[in-house]
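Asker: Sequence unavailable; structure follows:
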């Protein structure tokens, strides 16, 4: 179990991560620290990483977690010395096939707005066509009108919708919208 009071959640995540996902987990940690250390000192406290992880639970099944990593405090010259790792269980998300996704960005602490995004690996990024579909779905356009709004056929829409469901570990359009908001994909 991920315990919120535990100061070493990264170790706990590591222990519960399936072996098949271990390389992605380690790559995410390294990606975060490499990005962090490449930033100017004054921007380091703004760096946030959101990832999805499929972690074992006490019943020997797995649950989907949203992991937030951010610098909480830096020293006088901007070196990070306190990094928070939060794990949020995503109730109701039971993907048939787990897909990795990672978002890394600079977040303005005053406005809570994303100032800059950092590209992740190719598997983490949504294609432009998937982002267009996501925007249409977030606009609450009727599903029957979405293919026309996108300028594609019904079968093309269904194909894109299925791929987006898989990519975002969702089983319904409301879950896609919820996941896009959790991961801040359209900001």
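Answerer: Alright, I've got the coordinates. Just so it is clear, the structure is predicted and the values come from calculations on it, not from any experiment.

Asker: mind checking the SS state of residue 44?
Answerer: helix (DSSP: H, G, I helix; E, B strand; the rest coil).

Asker: contact partners of the longest strand along the chain?
Answerer: Across the chain, the longest stretch assigned as strand under DSSP state E is strand 62-74. With contacts defined as Cβ atoms under 8 Å, 6 or more residues apart in numbering, strand 62-74 is touched by 2, 13, 18, 32, 36, 41, 44-57, 80-90, 93-95, 98, 107, 169, 182-183. In short, each C-beta sits where N, CA and C put it, glycine included.

Asker: got it, and stretch 100-107?
Answerer: Residues contacting stretch 100-107 (Cβ under 8 Å, 6+ apart): 21, 24, 28, 31-32, 35, 39, 43, 46-52, 70, 113-118, 120-121, 123-124, 167-169, 183-185.

Asker: quick one: the strands in the chain?
Answerer: Using DSSP E, strands in the chain cover 47-56, 62-74, 80-89, 102-107, 114-118.

Asker: Now mean pLDDT, distance to residue 141 and mean neighbour count too, for these, in a markdown table please.
Answerer: Listed next are those as a markdown table, based on pLDDT from 0 to 100; distance: least, Cβ to Cβ, whole Å; neighbours: other Cβ atoms under 10 Å:
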| stretch | mean pLDDT | distance to residue 141 | mean neighbour count |
| --- | --- | --- | --- |
| strand 47-56 | 86 | 26 | 21 |
| strand 62-74 | 87 | 26 | 18 |
| strand 80-89 | 84 | 29 | 15 |
| strand 102-107 | 92 | 25 | 20 |
| strand 114-118 | 92 | 24 | 14 |
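
Asker: Let's have the ones you listed in TSV, adding distance to residue 139.
Answerer: Below are these laid out as TSV (distance: least, Cβ to Cβ, whole Å):
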stretch	distance to residue 139
strand 47-56	23
strand 62-74	24
strand 80-89	26
strand 102-107	21
strand 114-118	20
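
Asker: Among those strands, which comes closest to residue 151?
Answerer: Nearest of those to residue 151, taken as Cβ to Cβ: strand 114-118 at 26.2 Å.
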